[in-house]
Structures are given as structure tokens and as C-alpha cells.
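**Student:** Here is the input, now give the coordinates:
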Amino acid sequence: MLVTIKNGGNAGKKSVSIPFSGYKMNIARALFQEGYIKSYSQENTAKGDVLEIDLVYKDNKPKISQVKRISKPSRRLYTNVKGIKPVKQGQGSVFLSTPKGILTGKQAKKEQVGGEILFEIS
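**Tutor:** Prediction:
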């Protein structure tokens, strides 16, 4: 999902479509709240449901240019509140899967919860 968004931005597309799932919808919601995407919506097609994501550009450059997947199926990484570090001196964001849903590092610190580190955007 993240690589599709990044590649769509680098290609100059206005929006990208990915297969729908509730988990991807929650990630899109977190990206929208942080301003990394313009909007997201679930759409029905003949092949099944898709998640339509409208991309954001700043000075003709995509807002999402670098994505680093941290936790992988082969190696899950978890952290507590004290282990959440800023990305690129606060210029990027880290996203976590917590008991309160998918949150950014700032939101997780505010809520005082830890969880699985999903990815970083810088």
C-alpha cells in the first residue's frame, strides 16, 4: 500500500487505487489526519472493493517521498511510549499499531500507549 502511494506520487498521479481492507482504511485515515494524503474513499468495482486515495503535492513534489517499513512479518518490532523517537528531527512521522488503533508517534505519546512500529514517513 505504502509503496503504491509513494510510486503514484513520484509518477505524478492524482490518485491511486488499492484493494480494500479495513486495516488499509485505518492506515489511510491516519495518513489523512497527518496531511500526507488529500482524501480516501471506498469504492465498489466489478472486481471488488478498492480504496481510492487522492495524493498531496507540495511545490510539485509528492508529500510522501520516502517510506521505510519497520515491522515486517518476519520481524515484528514493538515499543513502549519511551521508545518512540522522532523521525528526521520532527520532519517525518512514525506510525504505530496500538490498542487504541493506528496512531502516529505524537498521538501515541499523548495517549501514553505503545505498540507495533509499522512504518516511517520522512
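**Student:** domains in this protein, as residue ranges please.
**Tutor:** Split into domains by automatic domain parsing, the chain comes to 1-63, 66-122.
**Student:** Mean neighbour count and mean pLDDT added to these, as TSV?
**Tutor:** Any C-beta I mention is one placed from the backbone N, CA and C, and that applies to glycine too. Output for the domains of the chain, formatted as TSV (neighbours: other C-beta atoms under 10 Å; pLDDT from 0 to 100):
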stretch	mean neighbour count	mean pLDDT
domain 1-63	15	94
domain 66-122	15	93
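**Student:** what about the helices in the protein?
**Tutor:** 2-10, 22-34, 105-111 (DSSP state H).
**Student:** can you tell which of those helices is closest to Lys63?
**Tutor:** Nearest to Lys63, of all those, is helix 2-10, at 7.2 Å by C-beta to C-beta.
**Student:** what is the orientation angle of the closest one with helix 22-34?
**Tutor:** Relative orientation of helix 2-10 versus helix 22-34 (axes from the mean of the first three to the mean of the last three C-alpha atoms, to 10 degrees): 40 degrees.
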